[in-house]
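Undergrad: Below is the sequence, then the predicted model.
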Amino acid sequence: MIEAHGLTKRYGKTLAVDDLTFSVEPGRVTGFLGPNGAGKSTTMRMMLGLDNPTAGRVTIKGKPYHELHHPLRTVGALLDAKWVHPNRSARAHLTWMAKSNRIPQRRVDEVLDIVGLTSVAGKRAGGFSLGMSQRLGIAGALLGDPEVLLFDEPVNGLDPEGILWIRKFMHRLADEGRTVFVSSHLLSEMALTASDLVVIGKGKLISQSTTDEFIARATENTVKVRSPQLDVLRGALTDASAEIASVDDGLLVSGMDSAKIGEIAAANRVVLHELSPQQGSLEQAFMQITGDSVEYHTGLETEAEQVLSATAR
Ligand SMILES: Nc1ncnc2c1ncn2[C@@H]1O[C@H](COP(=O)(O)OP(=O)(O)OP(=O)(O)O)[C@@H](O)[C@H]1O
């Protein structure tokens, strides 16, 4: 469990984190979403005691980081995957970390196995691909078998196979009952990875909810209907105050759920060929919820475009 209360960080004139209050629950993957510069890394650094809050506090299992008796056994983090001596082997790097934290050597082999690096454990970490470096970073985070894990932009720059591996791994950690807090500016990736979302923009909390609630709240859900008696159906739905738009081969109905539309169709003896709820995407939700912040919106469009073009490729 991670809890932030009024967490604030000021760097000179920049208010990097502005009065954030939220909590992160165990047994779930919680996405920490916001565009570049929103304050995600600063927040995570404060969670790990690497930066001091200007005001407010953040606790892990009820205590600020510096009061934890066994920090590495309580919280593990992947902040920068390339933070490793390039000439050290993966095993030597982890052994060095383990020794300085009084963690037994057998745990090094365990974590190498967990992240699938056993076969390259003796190779120079400097020669690792980004995906392998991420795995090594995650192995380091797991060394103390912590209940709480923080990952800062873990899928940045990874190929689809690497992204899938990280996603499944996060789910596995949450299924083991751990608290998994993962930052990203990649909206569609977070929609697949996280069941809960903490969304920030310009240092401020925009929303905390489940991913499904976030999308449902922000996007207007519509229902697509196809029928050989479209005109009869259109009249009946209009009489019932639904909003209707015509699409190629049917109608797009808003302001009414599919159950009600089905009932109206049945009452009017209208045959339906399709009755399908259309859910908005996380990109749409993100744009809609944050759209009133000009600076935020500008940054966001770039991110959303990147995501959309990456998806189209
Ligand atoms: N050490 C620092 N000194 C001065 N300003 C800083 C420092 N660290 C962060 N900032 C500023 O604080 C704001 C939030 O930065 P932060 O890195 O936390 O955002 P972020 O959401 O993690 O973005 P990114 O995805 O680009 O890392 C930015 O305006 C950044 O320039």
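TA: Noted; the coordinates are in hand.

Undergrad: From here on, just use CA atoms for contacts and neighbour counts.
TA: Will do.

Undergrad: check contacts around V270.
TA: The contact partners of V270, taken as CA atoms under 8 Å, 6 or more residues apart in numbering, are S227, Q229, V232, L233.

Undergrad: Please identify the helix or strand for the last one.
TA: Counting by DSSP states H and E, the secondary-structure element that holds L233 is helix 230-239.

Undergrad: Buried ones in that helix, by neighbour count?
TA: By 16 or more other CA atoms under 10 Å, the buried positions in helix 230-239 come out as L230, L233, R234, A236, L237.

Undergrad: which residues of this protein fall in strands?
TA: 2-11, 14-24, 28-33, 55-60, 75-78, 148-152, 179-184, 196-201, 204-210, 222-226, 243-247, 250-254, 274-278 (DSSP state E).

Undergrad: distance of the closest residue to A4 other than its chain neighbours from G144?
TA: Spatial nearest neighbour of A4, excluding adjacent residues (CA to CA, 6 or more residues apart in numbering): V58 at 4.2 Å. Distance of V58 to G144, given as CA to CA, to the nearest Å: 21 Å.

Undergrad: The one residue in the stretch 51-200 of the chain that gets nearest to the ligand: neighbouring residues, count only.
TA: Among all residues of the stretch 51-200 of the chain, H185 sits closest to the ligand, at 6.6 Å; criterion: CA to the nearest ligand atom. Residues lying near H185 (other CA atoms under 10 Å) number 23.

Undergrad: thought it was touching G37?
TA: No - contact criterion CA atoms under 8 Å: H185 and G37 do not qualify, at 10.0 Å.

Undergrad: Okay, now the unreliable bits of the stretch 1-150 of the chain?
TA: Across the stretch 1-150 of the chain, the ranges flagged by pLDDT under 70 are 81-84.

Undergrad: residue ranges of the helices in it, please?
TA: 40-47, 71-74, 90-100, 105-114, 130-142 (DSSP state H, counting those that start in this stretch).

Undergrad: Show which residues not belonging to the shortest one make contact with it.
TA: Looking back up the chat, that one is helix 71-74. Y65, L68, N101, A141, L143, G144, D145, P146, E147, V148.

Undergrad: next one: phi and psi at the third one?
TA: Taking degrees, to the nearest 10, you get phi -120, psi 20 for the backbone angles of N101.

Undergrad: Leaving out the residues flanking it, which one is nearest to it?
TA: L72 (7.5 Å).
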